[in-house]
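**Q** what would the 3D arrangement of this be:
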Amino acid sequence: MVYNLIVSPRAQKEIEKAIDSYLPNYLDIPNNFVIQLQSVYNTLKTNPFFRIRYKNIRSLKLKKYPYSLYFVVNENRNTVRVLSCFHNKRDPKKQPRF
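**A** Now for the predicted structure:
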């Protein structure tokens, strides 16, 4: 079963901010970040049932980057909604906002 992926406006802004943070100093990292993000999106479309972190919110860490995607799965509607792209190391006490 393939799930439809929906990226919330908040998550999209966080993703753009993450890409922008790499731009001033590195040229290839933003492209690699996007490639990794697409890989995670493909994984979520085919198998979104990763561990639950908060109530019904799941997470999946991007490989090679200090970010995790937080998302919910709606089996009735066959959708995965990405709620946040959270930097794991900036402030360990801070929690992702949804």
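
**Q** can you give me the helices in this structure?
**A** In the chain, the helices defined using DSSP state H lie at 9-22, 28-46.

**Q** switch those over to a markdown table; also include mean neighbour count.
**A** All C-beta spots, glycine's among them, are computed from the backbone N, C-alpha and C. Putting the helices of the chain into a markdown table (neighbours: other Cβ atoms under 10 Å) gives the following:
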| stretch | mean neighbour count |
| --- | --- |
| helix 9-22 | 15 |
| helix 28-46 | 14 |
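
**Q** in TSV: the ones you listed, plus mean pLDDT and distance to V82.
**A** Shown next, in TSV, are those (pLDDT from 0 to 100; distance: least, Cβ to Cβ, whole Å):
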stretch	mean pLDDT	distance to V82
helix 9-22	92	5
helix 28-46	91	8
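
**Q** wait, doesn't A18 sit right on H87?
**A** Yes. Taking contacts as Cβ atoms under 8 Å, A18 lies within contact range of H87: 7.0 Å.
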